[in-house]
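1. I'd like to go over a predicted model; first the sequence, then the structure.
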Amino acid sequence: MQSSAFMTRKDIIGFAILAALIFIVFPMVLDSFRLNLFGKYLTYAFVAIGLSLCWGAGGILSLGQGVFFGLGGYCMAMFLKLEASTPENTAIQSTPGIPDFMDWNQLTELPWWWEPFYSLPLALLAVVAVPVMFAFIIGVAMFTRRVGGVYFAIITQAFAAIMTILIIGQQGYTGGVNGITDLRTLMGWDIRTDEAKTTLYFVNGVLLFAVLFAAQYVRKSKLGRLLIAMRDQEDRVRFSGYNVANFKIFIFCLGAAFAGIGGAMFTLQVGFMSPTLVGIVPSIEMVIFCAVGGRLSILGAVYGALLVNWAKTTFSESFPELWLLGLGGLFIAVVMLFPNGLAGVWSEKVEPRLMALFGKSREDKPAPDGAPAE
Amino acid sequence: MSDGISNNKTKGVSRRAVLAGGTALTASLFMPNGLRAADFPTAEVNTTGLAVTDDAVTIGILHSITGTMAISETGSVQAEKLAIEQINAQGGILGRKIEYIQEDGASDWPTFAEKARKLLVNDKVASVMGCWTSASRKAVLPVFEQHNGFLYYPTFYEGLEESPNVIYTGQEATQQIIAGLDWVNQTKGAKTFYLLGSDYIWPRTSNKIARKHIENFMDGCKVVGEEYYPLGHTQFNSVINKIRLRKPDVIYAIVVGGSNVAFYKQLKAAGIDMTKEKPLLLTISVTEDEIRGIGGENIDGAYACMKYFQSLENENNLAFVKAFKEMWGDDMVIGDVTQAAYLGPWLWKAAVEKAGSFDVDKVREASPGIELTTAPEGYVKVHENHHLWSKTRVGRAQADGQYEVVFETADLVEPDPFPEGYQ
Amino acid sequence: MFADYSMAELGAIFAMQGFAGLILFSVFVLMALGLAIIFGQMGVINMAHGEFMILGAYVTYLVSNLFAEYMPALFSMYFFVAMIFAFIASGLLGLFVEWAMIRHLYKRPLDTLLATWGLSLILQQTYRSVFGAREVGVSIPDWMMGSLPLTDLIEVPINGIFVMVLAVGISLAVYIMMFRSRWGKQVRAINQNRVMAGAVGINTEWTDRLTFGIGCGVAGVAGSAFTMIGSTGPTAGQLYIVDTFLVVVFGGAGSLLGTIASAFSISQAQSIMEFFLSGSMAKVLTLLVVVGILMIRPQGLFSLKLRK
């Protein structure tokens, strides 16, 4: 891990296994409904990777990642909604051509800040830029005053609460509790069909790997090592002449950018965006994906997002009345027994044995659910 | 087949026996032994690959049983299960037993969409009874339209929607609002109204319709305040002070969920005695279900405008209440939405039998005009716009948690999801 | 907006509005005190705080049913008994949770957040399985649900007064315990220097457990009191958690006085804005102002220590 090469042999194997899972195993094993579900889980993996950088490497725990995820998702949804709200589609409204929820709330013209979202390039830019801008403001205010740890966590949590109340309250502009629903096409391409969803799954996978490589690059760069040094001994890094705040702001913004991309992909795959993804509960769940996967490992974060969501779906399908008990128990067990998550279990328990078995680390057939720890 | 259904009032031969047996009155009860599956070969009644076998048909139940909405949706699940059990006891649908797959929407709209897809794509259910909030319905709507599913949606809601894949068994906004406002105006002489609600689409749209009606159609009446609080808000002392200041004749309250409990408790504690009707309180969001949480003594004297109250005295309802309590316990109460949810499986059964097929397209075609004379609320009929014709009633809350019905419209009120002049 | 009203009416309204603000203040204090003890003194983030409150509410519900069944004559007094039981039940659960979970996590404060979040899910589901998914109606004795007419125009809700008295009483009790009792001195000693406190013979393990238990117990009492003004259901606890954390952080963790000062300023701001704006906007503005101030002064109103 401390090697200066961009990827060690072990990293390459890890990336290859994940790539094989996402691009070969899942599409072959899963039917189109389940594959789409896994696509949804993968959108959470973007957030988890960002969190693993911020929290695992940088020691910054944000409980407001849902805000960035939501902002990215809303930016995408605004573009899709405008495309769906052609005057023909909305002919029965009193003001045709504006999104239906605006019409229900007696708006008679599109608010000015919706205008840029007629353009796909601007919308895609906004998907990344808007979350980063928010993260930058929060980051500057917090980190230059050296707020960290628990305080930062709770203040970001307050942001998540405010954002939800704001979105729900301003329903004429945001769709309120319902969110922005009934999205249909992307540049004329129907995103609701099964084929489209499968295509989006692969787009999602490719983007995920782009983000993974970016994260890997950051971790291996000087910045990554400084982050870990800051997490462990912030003052020493500061006394060595580094501007700690700037590094933290950068990594926090990067995490926000990842979350924004994830949110946009979520909107595309699920077909709508809703404030339930912005609030405190989803934000904490996103942290939990990262914790279950292992906060120190970016690959672990992906597995964590997949495993927790898969468990959630499976528990709730099999035991609709009791699945919360299982989920709550899982969180407690991970924190108490496996503080480094799946990645920790893998590197402490599984890998040494494999090494012993094969003499050196070799590729092993992973479990179909994508969890390296069984 | 719809004839058989609408005629059963005149054929009440064994009604007493049925009541004694504890089953609700139903149409097909009076068809000898129901229908036999052998007369309806699976290949003919199911041409689109739904989960229909020679002796069973599978439907979905999709409500929140965890999360904040579980409080409200539990009653709907119970009513739907009761209706399914009763239909099965009478021989099922086209000779097939109804089986159900229950999924948890977890009060989370994306989860609703996910589970709806699972039910339609994986389980191939023939229809779905489900959803409660508008947000959950909006989330699943594209899924139902894409996969051509059929949803029975039980909640009174804001209207502005008419999907070929949904039957709305609750009231759209005008059905619930207009008659009640006219009634307080005509019988209580109310002139000034204070509109209050939780902050989301249903209360806002409902209050918009109420405001238009008050200002445009009720002579000399006006709105003296309109106000919204976030969902889950628990402190209402400030708005209570504002109400005192404005002295409205009517507080028109559309507060939902946990906020309801806080609002009525604080209203009572602030010395606003609703039994004195000064001001009078009219709500469209508090059913018997909610009163359990609020406490009957805290809402005594308030008026609610609904289509159904548990205290309705007709034979259908007496049998329904009895069966419901036998299945779920004596301490259960039944609210408006619970009753509407109960109608879902029965309306679907009637439509399937009229169509002679489980195919969604044929069921949809058969649905308009379906009548149910056995509904606990009395008589309902499906409109071409997929909503129900039903009566509007005003009830007055009693300390024991029940409503006393004080008014009902003479005729069925036509559903009008896109009301002219109220937009 | 006020042109149509006489001075007397306006005076009465403002008096009552001021009173509404005080009630809100008391509610915030009750919510936040338990958390302030746990978070401020131990650095533990208890995300299940709301669920501990609801446990108190359910205990109140059970006690009210018991009294209605077996001692109807004493029903009007049951609430006091219920609060004691609520304290004991939530406190015991707190002791157990500390023993089973929290004590293993003192070196990882952020992890307590995740573990207690898991705990809150489990508690919610347990309440749902035991008491049903619906809200339960807690019958409050009649004398507590009335209002007290001070003048012709001013009426004061009795349960509001009750909450205020309770808030003052519990604050005083916590203050005395924290600054006068042996336990309080030990807690503060541990907070300042755990190793040294252990070295001079303080049983740090037991003190921690007791602190957590007392914090949870206070939450239980708050939950019990809130049956008068709010709902009792499996997920009702989540309604309180954000406000509670904001109050504690805004006040500056570690300072009980700060918690009270912050409860006062937030409640007054919210109450005044609610009167002039719509409830939703008032809430958003209050939260924005609080966060804005935290941006400028992240250590909160009264701070003891912030930087790690």
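-> That came in fine, so what should we check first?
2. ranges for the strands of the chain?
-> Defaulting to chain A. Counting by DSSP state E, chain A has strands at residues A:185-186, A:189-190.
3. not what I meant, chain C
-> So, for chain C - with DSSP E - the strands run C:147-149, C:155-157.
4. got those as TSV, with distance to residue B:205, mean neighbour count and mean pLDDT columns?
-> Where C-beta positions appear, they are placed from N, C-alpha and C, glycine not excepted. Listed next are the strands of chain C as TSV, based on distance: least, C-beta to C-beta, whole Å; neighbours: other C-beta atoms under 10 Å in any protein chain shown; pLDDT from 0 to 100:
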stretch	distance to residue B:205	mean neighbour count	mean pLDDT
strand C:147-149	34	14	83
strand C:155-157	32	23	84
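5. Need the winner for burial among the strands of chain A.
-> Scoring the strands of chain A by mean neighbour count under mean count of other C-beta atoms under 10 Å in any protein chain shown gives strand A:185-186 as the most buried, with a mean of 15.
6. is that one up against chain B anywhere?
-> No: counting by C-beta under 8 Å from any C-beta of the partner chain, chain B is not contacted by strand A:185-186; separation bottoms out at 12.1 Å.
7. what's the pLDDT at residue C:254?
-> What the model reports for residue C:254 is a pLDDT of 66.
8. just the helices in the stretch 251-374 of chain A please.
-> Remark: helices assigned in the stretch 251-374 of chain A by DSSP state H, counting those that start in this stretch are A:280-293, A:298-318, A:323-337, A:341-345, A:351-358.
9. which one of those lies closest to chain C?
-> The minimum distance between chain C and these falls on helix A:323-337, with 3.1 Å, by C-beta to the nearest C-beta.
10. and the angle for that closest one with helix A:280-293?
-> 50 degrees (axes from the mean of the first three to the mean of the last three C-alpha atoms, to 10 degrees).
11. Contacts made by helix A:323-337 with the rest, please.
-> For helix A:323-337, the surrounding residues in contact (C-beta atoms under 8 Å, 6 or more residues apart in numbering or on different chains) are A:288, A:291-292, A:308, A:311-312, A:315-316, A:319, A:341, B:66, B:104, C:101, C:104-105, C:111, C:114-115, C:117-122, C:124-126.
12. Chain B contacts on the stretch 1-150 of chain C?
-> So the stretch 1-150 of chain C meets chain B at C:5, C:9, C:13, C:16-17, C:19-20, C:23-24, C:27, C:124-125, C:128, C:132-140, C:142, C:145-147, C:149 (C-beta under 8 Å from any C-beta).
13. 6 Å instead?
-> C:13, C:16-17, C:20, C:23-24, C:133-135, C:137, C:139, C:145, C:147 (C-beta under 6 Å from any C-beta of the partner chain).
14. Counting by contacts, list what the host helix or strand of residue B:266 packs against.
-> Using DSSP states H and E, residue B:266 maps to helix B:258-269. When contacts are defined as 3 or more C-beta pairs under 6 Å, 6 or more residues apart in numbering or on different chains; DSSP states H and E, helix B:258-269 sits against helix B:288-294, helix B:296-299.
15. With mean neighbour count added, can I get those in TSV?
-> TSV is the format used below for the helices and strands packed on helix B:258-269 (neighbours: other C-beta atoms under 10 Å in any protein chain shown):
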stretch	mean neighbour count
helix B:288-294	25
helix B:296-299	21
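16. what comes up buried for stretch A:244-251?
-> Neighbour-count burial for stretch A:244-251 flags A:244-245, A:247-251 (criterion: 16 or more other C-beta atoms under 10 Å in any protein chain shown).
17. just stretch B:399-412 next, same as before
-> B:401-403, B:405, B:407-409, B:412.
18. ok, those residues vs chain C, which is closest?
-> residue B:401 (8.0 Å).
19. Give me the secondary structure label for that closest one.
-> coil (DSSP: H, G, I helix; E, B strand; the rest coil).
20. Tell me who's in contact with the residue of the stretch 251-374 of chain A found nearest chain B.
-> Proximity of the stretch 251-374 of chain A to chain B (C-beta to the nearest C-beta) peaks at residue A:320, 4.1 Å away. Residue A:320 sits next to B:65, B:102, B:104 when contact means C-beta atoms under 6 Å, 6 or more residues apart in numbering or on different chains.
21. Narrow the residues you listed to those in helices?
-> Counting by DSSP state H, no part of these is found in helices.
22. how about TSV for these, with neighbour count and distance to residue B:114 added?
-> Below are the contacts of residue A:320 laid out as TSV (neighbours: other C-beta atoms under 10 Å in any protein chain shown; distance: C-beta to C-beta, whole Å):
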residue	neighbour count	distance to residue B:114
B:65	23	15
B:102	19	15
B:104	26	11
